[in-house]
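Chemist: structure of the sequence below:
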Amino acid sequence: MAESPTPMTAEDLKAWIAGTIQDSVDHIDDEVSPVRASAFRYYLGAPFSDSGDSPAEEDGRSQVVSREVHDAVHSMLPSLMRVFFSHDKSCEFIPRGPEDVAGAAQATELVSWYLEQSNAYSVFADAIKDCLIKGEGIIKCWHETQYDIQTRELQGLDELQIGLFVQEGYEVTQSEELEDAPGLYSVVLTRRTPRGKIRLECLPPEEFLINRTATSLDDAKIVAHRQLLRVGDLVELGYPYETIIQYKGYEDDFRSNEEWNLRHPNWREEDDTDSDPSNRLVQYVESFVRVDADGDGVPELRRICTIGQAHEIIMNEPVDSHPFLLIRKDPLQHTWRGMSLYDELADIQRIKSAVMRNMLDSLSLSTRPRISYLESAVDWEDLANDEVGALIPMRQAGAIQMLEMPFVGAAAFPLLQYLDQVKETRTGISKASQGLDAEHLQSTTAIGISASQKAAQARLELIARNIAESGFKPLYKRLLQLTLLHMDQPTVMRLRGEFVQVDPQSFADYDVLITLPLGRGSEEERRQALLGLLEKQEMLIAQYGMMNPIVGPEQYYQTLQRLFADQGLGAEAGSYLRPPQQMQALLQQQMQQVMQQQNEPPKPSPEEMLAQAEIQRKQIEVAQRAEEMKREDDRKRDEMEAELFLKLKELSFKYQQPIDASPLLDALTRNRELERVDQVRQQQLYEQQPPQGQMPV
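Modeler: Okay, the predicted model is just below:
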């Protein structure tokens, strides 16, 4: 009868997780780490006897070690880092519908900003170097909540004052009533303030655990991070001090790991006996396991954290995913391991070291040959004096003879050249491909040089593609998931030099597209292609205008930005180019101005303006003459009125009879006022409707 699944008890789960972790530890420490430690020794150029390999070093003979692994790593690393970090972003999110376009673009900017804040360059530099040397680079990306612990010791507080501190989030950890002041207390208050952030770290390879039958991170039964942490570090992560302190002390899991010992050559056992308990080391394992703890027959992914040599469980919770990324330059199919440059070049480094040692020994024997001497005729002290020009007294002629040894190392030079060719074939790295071999470049056609460089570039692009698919692509997905999970409200962030409001709740689970220039020719070919495209765009804009249906400001801006990015100036593009939104707003403003100008009457030409000015001048002169004539008329009228008034007075005195002149004066005054009103009315009509071709006075 088939066994039915049952829920695990706490003891069952503890036994299962302890056995699973220990099996993974044995797999890493006994099978994987020794190989990786040997690879690191080859990278450092350590003696072969340290790795137990031949040719073993001999006293009195040359002990030179060729640095093939080191040289290959440092030849590939600059090119790979330039591929990933000479552009603004390595990946971007793809919208699933028209409504996701803005959100996907903002999510890409936000994740790129997270990478900048997380020091992604140094993290990936270490991971890629681990990948090249040891076969695998392990990156961990997670959201960590730490607690800022603030402690205050106060005296003379009453219960009300203590309650106010408790309302502010403090916890009373110690309390003692004062003997000389009843009702007052001496207290120790502690406040724990949570602080969460997204972290990115390159793990030392020996700290990463995986079960021996796993083929990838997704199907692994366990992936875990084991580390030695201080007691204080675990308290900052939120674990109780009383629980952690009992597991402090010496743990021997790491001490038996070759990689750990190679990275900590100065470790002493006394380091685990610090007098401060908070600085004692504790083994802490954060495991992500697939286990059927609830007994439904389906294993669920759970995060189980353990401490101590016995792997005591202090955290057990369900999770959606694990935080690890595994990058490999050359993945081995159907396994989680990868090929390293050590795997490709270890034999060549040993052979070249043996050949070079023999060549140097031969050279040394030919330049400083051995001496045979007659012991009774030569004193040893005189013969051992190797000072230049020193005399050697002999009591018998011919007592000293030089054993001449010809230099035979020149015959090994073809072998060294052959080994270099094998190295170039395996790695794709050669002086010609890097443009460093002047003799080769001068004696080879341009087509041959280009073919050699493209072949090496294709090998590097394959490695970069493997790293991008296993590292950058899942990293972008992981950062977006962490943002959606832990960023629960909009926040204002500085993206692309501008402060914008980011609301992760508007994002979706976008797909990721790698935007690295892989498989698209050399940098010079891409630059020439972009320059040709830019020329075509400028021609179309000049011929059909900015609003033509083929190319617009946004497409022109994208071409310029890509040119900047390919030259490593992507971050500075904003200093030289307006973003498309600003360009579109400026274009709309210009179009509005054009439409307003079209609705306005046409402006006169300079000749028309000159003629209008001349007419205006004539009008002013006529108006001035009219005003002078009016004034002259008024003066003459005033003189006539005065003369008429005097004549009437003379007649009145002469005939002794009063004469009434008011009707005549009223008539004259009325006629003058009517003329003035008529002039004002005509002037107003003239100003409201000026004659054609004239301007108002």
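Chemist: buried ones in the lengthiest strand in the chain, by neighbour count?
Modeler: Selection of the longest strand in the chain by residue count, based on DSSP state E, yields strand 137-157. The neighbour-count check on strand 137-157 (16 or more other C-beta atoms under 10 Å) flags 137, 138, 139, 140, 141, 142, 143, 146, 157 as buried. For glycine as for every other residue, the C-beta is placed from the backbone atoms N, C-alpha and C.
Chemist: quick one: which of those residues has the lowest pLDDT value?
Modeler: The member of the buried residues of strand 137-157 with the lowest pLDDT is residue 146, at 73.
Chemist: now the buried residues of strand 137-157 in a markdown table, with distance to residue 264?
Modeler: Output for the buried residues of strand 137-157, formatted as a markdown table (distance: C-beta to C-beta, whole Å):
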| residue | distance to residue 264 |
| --- | --- |
| 137 | 20 |
| 138 | 18 |
| 139 | 22 |
| 140 | 20 |
| 141 | 25 |
| 142 | 25 |
| 143 | 29 |
| 146 | 25 |
| 157 | 48 |
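Chemist: can you point out the buried residues in the helix or strand encompassing residue 111?
Modeler: Element membership for residue 111 (DSSP states H and E) is helix 101-117. For helix 101-117, a neighbour-count test (16+ other C-beta under 10 Å) marks 103, 104, 106, 107, 108, 109, 110, 111, 112, 113, 114, 115 as buried.
Chemist: what's the answer for stretch 376-383, then?
Modeler: If you call a residue buried by 16+ other C-beta under 10 Å, then stretch 376-383 has these buried ones: 378, 383.
Chemist: got the CA coordinates for that stretch in CSV?
Modeler: The C-alpha trace of stretch 376-383 is given here as CSV (Å, rounded to 0.1, in the frame of the first residue of the first chain):
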residue,chain,number,x,y,z
SER,A,376,93.7,18.5,-2.2
ALA,A,377,94.9,21.2,-4.5
VAL,A,378,92.2,23.9,-3.9
ASP,A,379,90.8,25.3,-0.7
TRP,A,380,87.0,25.3,-0.6
GLU,A,381,86.7,28.8,0.9
ASP,A,382,88.6,30.3,-2.0
LEU,A,383,86.6,28.4,-4.6
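Chemist: quick check: closest non-adjacent residue to residue 247.
Modeler: The shortest distance from residue 247 to any non-neighbouring residue, by C-beta to C-beta, 6 or more residues apart in numbering, is to residue 308 (3.9 Å).
Chemist: next, count neighbours for that neighbour.
Modeler: Residue 308: 17 surrounding residues under other C-beta atoms under 10 Å.
Chemist: for residue 24, same thing?
Modeler: Other residues close to residue 24 by other C-beta under 10 Å number 24.
Chemist: wait, what's in contact with it?
Modeler: For residue 24, the contacting residues are 209, 210, 211, 212, 222, 224, by C-beta atoms under 8 Å, 6 or more residues apart in numbering.
Chemist: what about the last one, which SS state?
Modeler: The three-state label for residue 224, taken from DSSP: H, G, I helix; E, B strand; the rest coil, comes out as strand.
Chemist: just checking, it touches residue 288?
Modeler: Yes. Counting by C-beta atoms under 8 Å, residue 224 touches residue 288, with 6.8 Å between them.
Chemist: who has more neighbours, these two?
Modeler: Of the pair residue 224 and residue 288, residue 224 is the one with more neighbours under other C-beta under 10 Å, namely 27 against 20.
Chemist: dihedrals phi and psi, the nearest residue to residue 68 once chain neighbours are set aside?
Modeler: For residue 68, ignoring the flanking residues on the chain, the nearest one in space by C-beta to C-beta, 6+ apart is residue 349 at 4.1 Å. With angles defined as degrees, to the nearest 10, residue 349 sits at phi -60, psi -40.
Chemist: quick check: buried residues in the next helix or strand after the longest strand of the chain?
Modeler: Once strand 137-157 ends, the next helix or strand along the chain (criterion: DSSP H and E) is helix 159-167. By 16+ other C-beta under 10 Å, the buried positions in helix 159-167 come out as 162, 165.
Chemist: ok, and what's touching the very next helix or strand once past helix 159-167?
Modeler: Next along the chain after helix 159-167, taking DSSP H and E as the criterion, comes strand 171-177. With contact meaning C-beta under 8 Å, 6+ apart, strand 171-177 is reached by 151, 162, 165-166, 183-192.
Chemist: over to stretch 418-425?
Modeler: 68, 72, 345, 348, 351, 352, 355, 429, 430.
Chemist: find me the pLDDT at the residue lying closest to the fifth one once chain neighbours are set aside, would you?
Modeler: It refers to residue 351. Spatially, and ignoring its direct neighbours in sequence, residue 351 is nearest to residue 419 (6.1 Å; C-beta to C-beta, 6+ apart). The score at residue 419 is 92. That number is its pLDDT.
Chemist: how near is residue 419 to residue 68?
Modeler: Noted for residue 419: a distance of 9 Å to residue 68, by C-beta to C-beta, to the nearest Å.
Chemist: intersection of neighbour lists for those two?
Modeler: Common contacts of residue 419 and residue 68, defined by C-beta under 8 Å, 6+ apart, comprise 348, 352.
Chemist: more neighbours: which of the two?
Modeler: Of the pair residue 419 and residue 68, residue 68 is the one with more neighbours under other C-beta under 10 Å, namely 27 against 19.
Chemist: can you pull the buried residues of stretch 55-67?
Modeler: Within stretch 55-67, the residues that qualify as buried are 55, 57, 62, 63, 65, 66, 67, counting by 16+ other C-beta under 10 Å.
Chemist: should've said stretch 191-198
Modeler: For stretch 191-198, the neighbour count (16+ other C-beta under 10 Å) marks 191, 192, 198 as buried.
Chemist: C-terminal to the one helix or strand the first one maps to, what's the next element?
Modeler: When secondary structure is defined using DSSP H and E, the element that contains residue 191 is strand 185-203. Beyond strand 185-203 on the C-terminal side, the first helix or strand identified by DSSP H and E is strand 208-210.
Chemist: residue boundaries of the helices in the stretch 351-500 of the chain?
Modeler: Using DSSP state H, counting those that start in this stretch, the helices of the stretch 351-500 of the chain run over 380-384, 413-427, 431-434, 438-442, 446-467, 473-486.
Chemist: contacts for the first one?
Modeler: Read that as helix 380-384. 371, 373, 390, 391, 392, 393, 400.
Chemist: so the first one bridges to which residues?
Modeler: Meaning residue 371. Counting by DSSP bridges, residue 371 is bridged to residue 402.
Chemist: excluding chain neighbours, what is closest to residue 407?
Modeler: Closest residue to residue 407 apart from its sequence neighbours, by C-beta to C-beta, 6+ apart: residue 366 at 4.0 Å.
Chemist: quick one: average pLDDT of stretch 552-559?
Modeler: Mean predicted confidence for stretch 552-559 is 76.
Chemist: can you give me the buried ones in it?
Modeler: For stretch 552-559, by 16+ other C-beta under 10 Å, it's 552, 553, 556, 557, 559.
Chemist: ok, those vs residue 313, which is closest?
Modeler: For the buried residues of stretch 552-559, the closest approach to residue 313 (C-beta to C-beta) belongs to residue 557, at 55.7 Å.
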